[in-house]
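Asks: No letters, just coordinates:
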């Protein structure tokens, strides 16, 4: 165990209760599919409310890409139960449609036009959200935007930060102390993310239609299915939710002001290929601007520092004004074997991983380390389950299994603290389950996906369709409580009224609104 981690555990272990009020929330994406298995061409169901204003049910890139958002809670069980109830409510109001439970899409059509953009109504802010998505489509293609995942949001309580600052005899402004510690977490999260990609990756295969016309280097598993034999997460590969434009965009994770400045500069720096597209074509907006990024959220990262935004506020403005409130862990594939896309052991492990990351020594990133992070990520997503895999660490080849087991064994002590704080054994048990995956690669989600596909003639579509049917039956067989039905129905109705109120209150033209927003 590293000396820094030992030192931090020395003060934390006797007062583990300072972690009791940790909060977590989930954002889970899934494509709505027709009964025949094609991406839905229907509007977002009105019974689910307004995608613009509903607090828990919205859309991501496409009108068909539903996004379910839980509130922040003090319990993993409460969070996952809420997500499960959201699924039930959706299925009760989706007719014959199903939710695709794999991160990589299938049967999305050959043309971008067959992927409908999310629609948020006729208000200026609604039009802006749709325009942003149109811009993503013309920049990178719509297919990439249909990839789905689950984001795990986590915040540590004020009691934890106060106790740590006191133990450290640190006299900084409390929010500055918190900002620095969250950035230490973010750096270690990225340094060790190869472990997450191995353990939680669940996308070793993809429909051939997704990569039509692209150079990919994948092998053919069956007619219509491509795969990489030892892949863990094609979603996080160069074939997935990545783009070449941002590979040269270096965003600092050493200090919050630098992070904000780097993103702000990208939003205001022209990029010639995007300028060639044009902001407008024949009088119709194509993108919000012709710069490297349209807005901050266009920057793809494994993890983001976050602060809840107020109405009309940009993410970087919120961070600058009030500092970091929580972190968003973004590299988690949907687990197709769980009806809600994530299971409890994964949730417990992610919290151990995050606490280990924040307590461990975290040197600032040097310039060459950003490049090495990309190399290591590609090694893991494409060959992560290969026997005797070597990963690049500090410029040297290192045995993956040794590195993984060392990290997981370090995390045992962290898991015990979380067990103590929450009066459970689930955190320690989650470490045991992850160690088993390292010792037996066939236990990983990626390996299980390929094994299940073999039962469906190695067809990614047949596997995905069958498991979507199973999950639909699961949710429809267990109706929602009357209390939940009343809550979600009321929220849907209130969200529709809120959208109309926003539309009625607009006074600026969209041109004026966009100019003000960008300024």
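Replies: Nice, thanks for sending it over. Bear in mind the structure is a predicted one, so any value in this text is a computation, not a measurement. Residues are numbered from 1 along each chain as shown.
Asks: Going by C-alpha atoms from here, please, whenever you check contacts or count neighbours.
Replies: Fine.
Asks: neighbours of the residue lying closest to residue 171 once chain neighbours are set aside, just the number please.
Replies: Once flanking residues are discounted, residue 171 sits nearest to residue 165: 7.8 Å by C-alpha to C-alpha, 6 or more residues apart in numbering. For residue 165, the neighbour count with other C-alpha atoms under 10 Å is 17.
Asks: quick check, residue 165 in a helix?
Replies: Yes. Checked against DSSP: H, G, I helix; E, B strand; the rest coil, residue 165 lies within a helix.
Asks: Hmm, residue 177 and it touching each other?
Replies: Yes. Contact criterion C-alpha atoms under 8 Å: residue 165 and residue 177 qualify, at 7.5 Å.
Asks: list the helices and strands the lengthiest strand in the chain packs on?
Replies: Longest strand in the chain by number of residues (criterion: DSSP state E): strand 23-33. Judged by 3 or more C-alpha pairs under 8 Å, 6 or more residues apart in numbering; DSSP states H and E, strand 23-33 is in contact with strand 65-69, helix 76-92, strand 98-99, strand 150-155.
Asks: For residue 212, find the nearest of the ones you listed.
Replies: strand 65-69 (20.8 Å; C-alpha to C-alpha).
Asks: relative to strand 150-155, how tilted is that closest one?
Replies: Using axes from the mean of the first three to the mean of the last three C-alpha atoms, to 10 degrees, the direction of strand 65-69 lies 20 degrees away from that of strand 150-155.
Asks: So the nearest residue to residue 357 once chain neighbours are set aside, which state does it fall into?
Replies: Spatial nearest neighbour of residue 357, excluding adjacent residues (C-alpha to C-alpha, 6+ apart): residue 185 at 4.7 Å. Assigned by three-state DSSP, the conformation of residue 185 is helix.
Asks: Could I get the contacting residues of residue 185?
Replies: By C-alpha atoms under 8 Å, 6 or more residues apart in numbering, residue 185 lies in contact with 354-355, 357-359, 362.
Asks: okay, now residue 283: neighbour count?
Replies: If we define neighbours as other C-alpha under 10 Å, then residue 283 has 7 of them.
Asks: still on that earlier bit, quick one, the longest strand of the chain and strand 150-155 angle?
Replies: Using the same axes, to 10 degrees: strand 23-33 against strand 150-155 is 170 degrees.
Asks: after strand 23-33, next one along is what?
Replies: Once strand 23-33 ends, the next helix or strand along the chain (criterion: DSSP states H and E) is strand 57-59.
Asks: May I have the strands that pair with that next one, each with its orientation?
Replies: Next to strand 57-59 in the sheet, as set by DSSP bridges, lie strand 65-69 (antiparallel).
Asks: and the strand it pairs with, which residues are buried?
Replies: 65-69 (16 or more other C-alpha atoms under 10 Å).
Asks: Just give me the closest of these to residue 465.
Replies: Using C-alpha to C-alpha, residue 65 is the member of the buried residues of strand 65-69 that sits closest to residue 465, with 16.4 Å.
Asks: how about the strands in the stretch 301-450 of the chain?
Replies: Counting by DSSP state E, counting those that start in this stretch, one finds strands in the stretch 301-450 of the chain at the ranges 303-306, 326-332, 390-393, 396-399.
Asks: rewinding a little: narrow the contacts of residue 185 to those that are buried.
Replies: The buried subset of those - by 16+ other C-alpha under 10 Å - is 354-355, 357-359, 362.
Asks: which among those gets closest to residue 263?
Replies: residue 362 (22.2 Å).
Asks: Now do the contacts for the closest one.
Replies: So residue 362 contacts 184-185, 187-188 (C-alpha under 8 Å, 6+ apart).
Asks: Need phi/psi at residue 269.
Replies: phi -100, psi 120 (degrees, to the nearest 10).
Asks: a markdown table for the buried residues of strand 65-69, including pLDDT and distance to residue 277?
Replies: As requested, these are exported to a markdown table (pLDDT from 0 to 100; distance: C-alpha to C-alpha, whole Å):
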| residue | pLDDT | distance to residue 277 |
| --- | --- | --- |
| 65 | 98 | 26 |
| 66 | 98 | 29 |
| 67 | 98 | 29 |
| 68 | 98 | 33 |
| 69 | 98 | 34 |
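Asks: Make TSV out of the helices and strands packed on strand 23-33 and add distance to residue 311.
Replies: Listed next are those as TSV, based on distance: least, C-alpha to C-alpha, whole Å:
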stretch	distance to residue 311
strand 65-69	18
helix 76-92	25
strand 98-99	31
strand 150-155	20
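Asks: just these: most buried one?
Replies: With neighbours defined as mean count of other C-alpha atoms under 10 Å, the helices and strands packed on strand 23-33 peak in mean count at strand 98-99, which reaches a mean of 28.
Asks: Quick check: neighbours of that strand in the sheet, parallel or antiparallel?
Replies: Its sheet considered, strand 98-99 pairs with strand 23-33 (antiparallel) by DSSP bridges.
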